[in-house]
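Undergrad: Sequence plus the predicted model coming up.
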Amino acid sequence: MQVPKEFEEYTRQIMGEELYATFSQALEAKPPVSIRLNPYAPTASVPSATPVPWSRYGYYLEERPNFTFDPLLHSGCYYVQEASSMFTEHVLRTLLHHPSPISSLPSGRLGGGLTALDLCAAPGGKSTCALSVLPEGSTLYSNEPIRQRAQILSENLQKWQLPAAHPSSIVTNNYPRDYRKAGLMFDIILADVPCSGEGMFRKDEGAIREWSPENVERCWRLQREIVSDIWPCLQPGGFLLYSTCTFNTHENEENVRWICEELGAEPIQVPIEDDWHITGSLLPDFQVPVYRFIPGRTRGEGLFMAVLRKVGEPLPAPLPKKGRHLETTKLNIMEPTFLNEIQEAADAPHVKTDYRQAISYLRREAIVLPEDTPRGPVVVTFMGQSLGMAKNIGNRANNLYPKEWRIKSTYIPENYEAILRHTE
């Protein structure tokens with residue numbers, strides 16, 4: 001793989017010859033494929049898979065299947081996520097048992113549990129990860145400022161259907177400064193900030209073409225602006241998970257140092273295992289707990305993460321209000337219409353489909369249901385999992401699957417090669 005000369009020279013300098021040689025060799029290798037199971041879906045196993053060591057629900061696959069044509073992906077049984085990013089799950093579990101336990105913070109903004117914000121959330125990997133870990137009664141705001149990406153985020157979170165008592169999610173299409181103006185406060189903020197994308201070189205050749213020293217400069221400045229805008233929304237005693245998918249220290253250690261010095265953040269150490277091969281700080285004069293996933297050392301793509309605590313005594317929780325809080329009306333909330341329809345139709349008849357019928361349904365084609373199917377709204381299922389709604393009118397069923405979510409390809413595999421082993 002031919003990387004930009006400036007990138008090679010700088011990265012070799014900060015990594016050293018031995019680590020850079022390991023990294024450079026890994027760039028020529030095929031990237032690993034991994035998925036993370038939905039803990040709220042029925043128990044499933046992943047044959048021919050190796051667990052991701054820092055994730056309770058993550059697995060490496062031996063090869064990359066055609067995920068588009070797996071109905072269980074569309075039903076939210078699992079999420080296709082790069083393994084390094086699953087470290088979020090381990091970090092959140094650790095914070096729930098921190099010596100200054102985050103669970104004791106007087107959140108209460110929405111009536112109990114924790115309030116969390118995934119600030120730059122699309123397409124939804126870290127948000128679905130957080131929803132798998134946050135305690136019951138918590139609320140996760142998942143935000144994406146770019147409208148088209150926010151729609152994809154909303155789709156993925158709606159498919160990640162949760163029981164009512166477990167964490168709920170609100171998808172917004174706003175900028176960090178909008179949250180500051182709204183006055184919302186959070187116990188946890190995930191800030192996977194826009195970056196120069198060096199950690200994606202192996203998976204995306206476009207990231208190589210778009211890289212430049214000037215872009216790195218723009219990114220680290222933007223990242224500081226984003227953190228400055230959202231910092232007032234972090235509850236004193238709360239935690240910021242700052243992360244990028246890049247390697248340079250300008251966007252990573254130097255920004256973390258700036259957050260500590262300018263905003264008064266306290267770096268938090270997270271326990272890790274030696275055999276995870278996570279690398280620490282590459283900035284010699286800044287040796288604080290940070291976590292680097294470098295291809296060749298760790299089995300995954302490039303990731304940098306630092307866990308930062310906002311020093312201070314937690315603020316008292318406001319008195320609960322009836323209905324939607326005033327603060328949320330200042331945000332552009334994307335209503336989960338598909339999920340609402342599924343929940344409202346919980347008592348509607350569930351109709352089983354075979355594989356070809358399921359794919360036809362996901363392509364938003366008209367499908368023929370069994371003769372004994374009651375007329376009216378029904379829930380279409382595959383292997384016991386809800387795919388969406390249809391309206392049975394007798395000789396056929398009107399497909400109510402969201403048009404913008406449909407599988408556009410006309411190809412249908414001859415056989416269904418299940419990624420998950422799952423019984424109804």
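TA: Sure, I can see it.
Undergrad: neighbours around residue 40, how many?
TA: When neighbours are counted by other C-beta atoms under 10 Å, residue 40 registers 15. (Each C-beta comes from the backbone N, C-alpha and C, glycine too.)
Undergrad: can you give me the helices for the stretch 51-200 of the chain?
TA: 71-74, 87-95, 125-131, 147-159, 176-182 (DSSP state H, counting those that start in this stretch).
Undergrad: so which of these is the most packed in?
TA: Counting by mean count of other C-beta atoms under 10 Å, helix 125-131 has the highest mean neighbour count of the helices of the stretch 51-200 of the chain, with a mean of 26.
Undergrad: name the helices or strands packed onto it?
TA: strand 33-37, helix 87-95, strand 115-118, strand 139-143, helix 147-159, strand 186-192 (3 or more C-beta pairs under 8 Å, 6 or more residues apart in numbering; DSSP states H and E).
Undergrad: quick one, which of the ones you listed is nearest to residue 19?
TA: helix 87-95 (19.1 Å; C-beta to C-beta).
Undergrad: Show me what the closest one is packed against.
TA: helix 125-131, strand 186-192, strand 234-244, strand 303-310.
Undergrad: Show me how far it is from its chain's centre.
TA: How far helix 87-95 lies from its chain's middle: 13 Å, per C-alpha atoms, centre = their mean, to the nearest Å.
Undergrad: residues in contact with that helix?
TA: 36, 54-58, 102, 126, 129-130, 132-134, 188, 190, 239, 241, 243, 268, 270-272, 291, 293, 303, 305, 307 (C-beta atoms under 8 Å, 6 or more residues apart in numbering).
Undergrad: do that again at 6 Å, thanks
TA: Residues from elsewhere that reach helix 87-95, judged by C-beta atoms under 6 Å, 6 or more residues apart in numbering: 54-55, 102, 126, 129, 133, 239, 270, 307.
Undergrad: Could you save those as a markdown table and add columns showing pLDDT and distance to residue 8?
TA: Formatted as a markdown table, the contacts of helix 87-95 follow (pLDDT from 0 to 100; distance: C-beta to C-beta, whole Å):
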| residue | pLDDT | distance to residue 8 |
| --- | --- | --- |
| 54 | 98 | 29 |
| 55 | 97 | 31 |
| 102 | 55 | 41 |
| 126 | 97 | 30 |
| 129 | 96 | 32 |
| 133 | 93 | 38 |
| 239 | 96 | 35 |
| 270 | 96 | 31 |
| 307 | 98 | 30 |
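Undergrad: Buried residues in stretch 364-377, which are they?
TA: 364, 367, 369, 377 (16 or more other C-beta atoms under 10 Å).
Undergrad: Nearest residue to the first one in space, please, no chain neighbours.
TA: The shortest distance from residue 364 to any non-neighbouring residue, by C-beta to C-beta, 6 or more residues apart in numbering, is to residue 406 (4.0 Å).
Undergrad: Quick check, pLDDT for the one you found.
TA: Residue 406 is assigned 96 on the pLDDT scale.
Undergrad: Distance check, it against residue 171.
TA: Going from residue 406 to residue 171 by C-beta to C-beta, to the nearest Å gives 20 Å.
Undergrad: Tell me which of those two has more neighbours.
TA: residue 171 (27 against 15).
Undergrad: Let me know the pLDDT of the more buried one.
TA: On the pLDDT scale, residue 171 gets 96.
Undergrad: So what does the closest residue to residue 6 other than its chain neighbours look like in phi/psi?
TA: Using C-beta to C-beta, 6+ apart and skipping residues adjacent in sequence, the residue nearest residue 6 is residue 213, 5.5 Å away. Backbone dihedrals for residue 213, given as degrees, to the nearest 10, come out at phi -60, psi -30.
Undergrad: So residue 213 sits against residue 5, correct?
TA: No: with contacts counted by C-beta atoms under 6 Å, residue 213 stays clear of residue 5, the gap being 10.6 Å.
Undergrad: Look at those two and report which has more neighbours.
TA: Neighbours were counted for residue 213 and for residue 5 using other C-beta under 10 Å; residue 213 has more, 14 against 8.
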